[in-house]
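> kindly generate the corresponding structure for this input.
(chains A and B)
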Amino acid sequence: MVAQFLGLKLRLLANTFRRSPIQVVGIVIGLIYGLGAAMVAVIGLVGLRFIEVGLAGSITVTLGAVIVLGFLLVPLAFGVDDTLDPRAFSLFGLSTTKLATSLAITALIGVPALVIAIIAVAQVFTWARNPLAVVLAVIGAVVIVATCVLGARVTTSVAAFLLATRRSREITGLIALLVVVSLSPFAAVLATMDWGKNGLKVLASIGGILGWTPLGAVWSAPFEASAGSPGLAVLKALIGIAFVLLLWVVWRALVGRMLVTPQREGRRKSYAGLGWFRFVPHTPAGAVAARSLTYWLRDARYHTSLVAIPIAPFIFVIALAVAGVPGNILALIPVPAMCLFLSWSAHNDIAYDNSAIWLHLASNTSGRADRFGRLVPALILGIPLVIVGSPICAWLYGDWAVLPSIIGVSFCLLLAGLGLSSVISARFPYPAVRPGDSPFAQPQASGTAAGLIQSLSFFAAIVIAVPPLGLAALGLLFGGGWNFAALIAGVVLGIADIYLGVLWGGAIFRRRAPELLAFTLRN
Amino acid sequence: MRRRPAARKPTVRSTRAASAGAAEAVPEFASLPDLVVEPSAEVVLEPQVAIATQPVVAPEPVAVPGPEVEAPASTARPTPAVPKIPRKTPARKPIERTTPAAAPTERETVLVIKDLVKRFGDTVAVDHISLSVPAGSIFGIVGPNGAGKTTTLSIATGLLRPDAGTVTVHGADVWTDPVVAKRNMGVLPDRLRLFDRLTGNQLLYYAGTLRGLDAKTVKQRSADLAAAFGLEDALDRLVADYSAGMTKKVALACAMIHSPRVLILDEPFESVDPVSAANVTEILQKYVAAGGTVVLSSHSMDLIQRICDFVAIVVSGSVLASGTMDDVRGVGSLEEKFVELAGGRKTAEGMEWLHSFSD
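Residues are numbered from 1 along each chain as shown, chains lettered A, B, ... in the order given. Model (predicted):
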């Protein structure tokens, strides 16, 4: 059975050379490129045999983890044409385990598998330093190949099978976005740090962390053995093996599922059930929140701001870096800046509804419910951002004492900005892109008022956050209690501001609702 | 008078979901037909209970679960003020009501529009329009394009602020007491967007929740409305992907979900297919038979003439004629009267070039 599959795969490979000459050239170039990369890696890995253990470990673990991640993500991101899709064999009546095994083994034939096999063997040389290290490196070589090949198999099928519909692609896009948001502080650090001075130290700490993840554990095991900690080495080898077993279980389950599930047609944009409405309290504010969340995820106009929010702060950072601000100060900027942009993105929310806002008028929705509900998506994104991002910023800055300040300032910018947006979107809406139009279309007659309102709402949020910003500055200069003062000031001010903003905005909404509708109709 | 007693009574009998309070009123009413107070007493009392206990829309296609059907006898004499049947569409005792047209002046006026004025720049869109709509009737507003119908209805529903004049819904001023007034109104505006990135199901749920209904009721009523309007298959699709007629129907469903006393519908039949239009008409007629009131605008004279008890002809922001259908249209059809009043008929002179085909 396995032999037949291998034969099939070889024939498929051979057939690729029977296509048009240009394609053959492309394949050959790919092959040469892959083998060339493998050769460079082999030379490098052999060379690492002769340098200090710690550095060699940091390099192999970091690069190894990146390679494994690549095998997992490339099929997901780009979608690979899968010649051996399990569904192609569904009519042959093979047992799931047999099919899964055969397909997994056939996946070993191919350029990427060849390249990773060469690299995996080469890393044995790097760790030919003591017997345990060699044993673990040899086991590791097998595990590395299995992880990469099986991982790619799984993600290829996931991409072909589960992500074939529009809706799931939207969700993938969102997840990718969240990953980018959460990784962006890292990127900031990497971009701003002084590689000449701290490069090795950073590499060592990155390698140290990755060595404990399934991606890097198996690469790290022989390193630990060489560095004289056999216990850790065995533990990490076990992590790597466990990950392969997990991938196998997932692969087997996926094959079983695919065999009995017909090709998923893109259901014509069918969204079963109530979606977010199920997860919010059954109140007008909850309903508005669920509606807003749905729009943030479904409406391309919100997607643009979701993409811009994680990117914009780095333009800040780069500008300041060019101006000569030291790197560790720059590390403090991304999270507060993202909070500012996030809260600012809600400042023209009513205009996005266009005339659909009539429903809120006709049902006499309270201004507060309307105002608060709209802020919920930004809160759901922003609060985790502060909680996760602030420690990363503090770590990058190099002094944990600033953590309370970062949290205080970020929190204040987020909440105060949202409070402000709540008032401004009710009082000063300006024309926005209409629903269904391209998010990059320019609204008709936006005028100068739009620019004024945009800058006003942006800088007013910073002005409101001056107390925690000032205290944070004192904290940076003198340390100690000032940082906690900044935290308290930021949280108190932020909560007070969002509360008042919702009340005030709600009162404006109640008073001016017909005028708001008339405004949206003029667009 | 071809429509009312003949057409309405059967529907009253078959599906009329009258409240317990109204049920109580029946025998008295039947035995004292000449008591002048009675009709208004019935009208006042009944919609209150109706609001609390039943979706006024009790469309026939909706299956009434068997166990919920209560014997009329068991609901013989509950206190009218305390509704005890929080379910939807329990079977009720059929009720005889006065023929509305027989005594229109005695009925409570549920919507009063007084002296409305609205200007847009130099143009006067609404020029002192006054209308009063009796409870339990279908009131049609007709007029040529740009006559101010939509403006009037927008003001009446609280979507547009008038320059002068008042609107009262069941005694509550739309602009000073919007909580009560808007609770009693179901609104279908013309040419306003919906939150169309929601699915039909989500939109109905959203509308119901904003109206303060509890989750169970919203789900139940959404399902009923979807069945009544033939939207079941479309509930999980985005409203943005609906056809124009389906969009209109889901908007109508949103207007009805909180069982208001008054439905104010701007062009409810526009781009709705004939079968759906017949369904909608039937739903509206049952709603009116149960004591509800409908105000609608349309360009279809035929349809207005067929289903409306009262009609107002609005031209250039003023009411040129209003009253019962028979009074307004006189001997001819509504269309003839309308064309006569609107005065817009022009003989096609100077169009002879159109008849000398240039090929």
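> okay, residue A:379: pLDDT?
You'll see residue A:379 listed with a pLDDT of 93.
> cool, residue B:228 as well?
Looking at residue B:228, the pLDDT reads 90.
> how about the one 3 residues further on?
At residue B:231, the model reports a pLDDT of 90.
> same check, this time on residue A:392
88.
> what about it, which SS state?
Under DSSP: H, G, I helix; E, B strand; the rest coil, residue A:392 falls in the helix class.
> from chain B, how far out is the closest residue to residue A:256 other than its chain neighbours?
Nearest non-adjacent residue to residue A:256, counting by Cβ to Cβ, 6 or more residues apart in numbering or on different chains: residue A:96, 4.4 Å away. From N, CA and C alone the C-beta is placed, and that goes for glycine too. Separation of residue A:96 from chain B (Cβ to the nearest Cβ, to the nearest Å) stands at 32 Å.
> isn't residue A:96 right up against residue A:257?
No. Taking contacts as Cβ atoms under 8 Å, residue A:96 lies outside contact range of residue A:257: 9.3 Å.
> looking at those two, which is more packed in?
residue A:96 (17 against 14; other Cβ atoms under 10 Å in any protein chain shown).
> what's near enough to touch that one?
Residue A:96 sits next to A:252, A:255, A:256, A:259 when contact means Cβ atoms under 8 Å, 6 or more residues apart in numbering or on different chains.
> where does the last one sit, in terms of helix or strand?
If I follow you right, that is residue A:259. helix A:230-260 (DSSP states H and E).
> and that helix, what other elements does it pack with?
Secondary structure elements in contact with helix A:230-260, counted by 3 or more Cβ pairs under 8 Å, 6 or more residues apart in numbering or on different chains; DSSP states H and E, are helix A:96-106, helix A:131-161, helix A:217-226.
> and among these, the most buried is which?
helix A:217-226 (a mean of 30; mean count of other Cβ atoms under 10 Å in any protein chain shown).
> can you tell me how far residue A:95 sits from chain B?
The gap separating residue A:95 from chain B is 37 Å, by Cβ to the nearest Cβ.
> what pLDDT does that residue get?
With respect to pLDDT, residue A:95 has a value of 85.
> please report how far it lies from residue A:89.
11 Å (Cβ to Cβ, to the nearest Å).
> neighbour count for those two, which is higher?
residue A:89 (17 against 11).
> now that one: closest residue in space, sequence neighbours ignored.
When the adjacent residues along the chain are set aside, residue A:89 lies closest to residue A:99, with 5.7 Å between them (Cβ to Cβ, 6+ apart).
> for residue B:127, helix, strand, or coil?
Assignment for residue B:127 (three-state DSSP): strand.
> any of the contacts of residue A:96 buried? List them.
Among these, those classed as buried by 16 or more other Cβ atoms under 10 Å in any protein chain shown are A:252, A:255, A:256, A:259.
> follow-up on the earlier one: so which bits of the helix holding residue A:259 are buried?
Result for helix A:230-260 [16+ other Cβ under 10 Å]: buried residues A:232-233, A:236-237, A:239-241, A:243-244, A:247-248, A:250-252, A:254-256, A:258-259.
> same deal with stretch A:476-484?
A:476, A:482, A:483, A:484.
> quick revisit: how about the contacts made by the residue nearest to residue A:89?
Contacts for residue A:99 (Cβ under 8 Å, 6+ apart) come out as A:86, A:89, A:255, A:259.
> and which of those residues is nearest to chain B?
residue A:259 (27.4 Å; Cβ to the nearest Cβ).
> I figured the closest one hits residue A:91, correct?
No. The pair residue A:259 / residue A:91 is not scored as a contact, 9.5 Å apart, by Cβ under 8 Å.
> returning to that earlier point: specify which member of the contacts of residue A:99 is nearest to residue A:393.
residue A:255 (43.6 Å; Cβ to Cβ).
> how about the residue of the stretch 251-359 of chain B found nearest chain A, nearest residue that isn't a chain neighbour?
Here the stretch 251-359 of chain B gets closest to chain A at one residue, residue B:254, 7.2 Å apart by Cβ to the nearest Cβ. Computed as Cβ to Cβ, 6+ apart, the closest residue to residue B:254 that is not its neighbour in sequence is residue B:207, at 3.9 Å.
> how much space between residue A:43 and residue A:203?
Remark: distance between residue A:43 and residue A:203 (Cβ to Cβ) = 20 Å.
> so for these two, which sits in the more crowded spot?
Set residue A:43 next to residue A:203 and count neighbours by other Cβ under 10 Å: residue A:203 wins out with 17 against 11.
> so for the host helix or strand of that one, what's the average pLDDT?
Assigning secondary structure by DSSP H and E places residue A:203 in helix A:195-210. Throughout helix A:195-210, pLDDT has a mean value of 75.
> kindly report the same for stretch B:309-329.
91.
> can you list the buried residues in it?
Those buried within stretch B:309-329 under the rule 16+ other Cβ under 10 Å are B:309-322, B:324-325, B:328-329.
> check stretch B:243-251 too.
B:246, B:247, B:248, B:249, B:250, B:251.
> check stretch B:162-175 too.
Per 16+ other Cβ under 10 Å, stretch B:162-175 contains these buried residues: B:162, B:165, B:166, B:167, B:168, B:169, B:170, B:172, B:174.
> return that stretch as PDB; C-alpha atoms alone will do.
This file holds the C-alpha atoms of stretch B:162-175, laid out as PDB (Å, rounded to 0.1, in the frame of the first residue of the first chain):
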ATOM      1  CA  PRO B 162     -40.700  69.600  12.200                       C
ATOM      2  CA  ASP B 163     -40.500  73.400  12.000                       C
ATOM      3  CA  ALA B 164     -43.900  73.700  13.500                       C
ATOM      4  CA  GLY B 165     -46.800  71.400  14.500                       C
ATOM      5  CA  THR B 166     -47.400  68.500  16.800                       C
ATOM      6  CA  VAL B 167     -47.800  64.700  16.400                       C
ATOM      7  CA  THR B 168     -49.500  62.700  19.100                       C
ATOM      8  CA  VAL B 169     -49.600  58.900  19.200                       C
ATOM      9  CA  HIS B 170     -52.100  57.600  21.600                       C
ATOM     10  CA  GLY B 171     -52.000  60.800  23.500                       C
ATOM     11  CA  ALA B 172     -48.300  61.000  23.800                       C
ATOM     12  CA  ASP B 173     -46.500  63.700  21.900                       C
ATOM     13  CA  VAL B 174     -43.700  62.300  19.700                       C
ATOM     14  CA  TRP B 175     -41.400  65.100  20.400                       C
END
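> check whether it contacts chain A.
No. Judged by Cβ under 8 Å from any Cβ of the partner chain, stretch B:162-175 stays clear of chain A, getting no closer than 9.0 Å.
> just the residues contacting that stretch, thanks.
Under the contact criterion Cβ under 8 Å, 6+ apart, stretch B:162-175 has outside partners B:110-119, B:126, B:128-130, B:155-158, B:161, B:179-182, B:184-185, B:261-262.
> filter those to the buried ones?
Among these, the ones that count as buried by 16+ other Cβ under 10 Å are B:110-113, B:116-118, B:126, B:129, B:155-158, B:181-182, B:184-185, B:261-262.
> what mean pLDDT does the helix or strand where residue B:205 lies have?
Under the criterion of DSSP H and E, residue B:205 resides in helix B:200-210. In this model, helix B:200-210 has an average pLDDT of 93.
> cool, stretch A:148-159 as well?
Across stretch A:148-159, the average pLDDT comes to 86.
> so what's the gap between that stretch and the chain middle?
For stretch A:148-159, the separation from the chain centroid amounts to 19 Å (computed by Cα atoms, centre = their mean, to the nearest Å).
> contact partners of it?
Residues from elsewhere that reach stretch A:148-159, judged by Cβ under 8 Å, 6+ apart: A:67-68, A:71-76, A:79-80, A:82, A:85-86, A:103-104, A:107-108, A:112-113, A:116, A:244, A:247-248, A:250-251, A:254-255, A:258.
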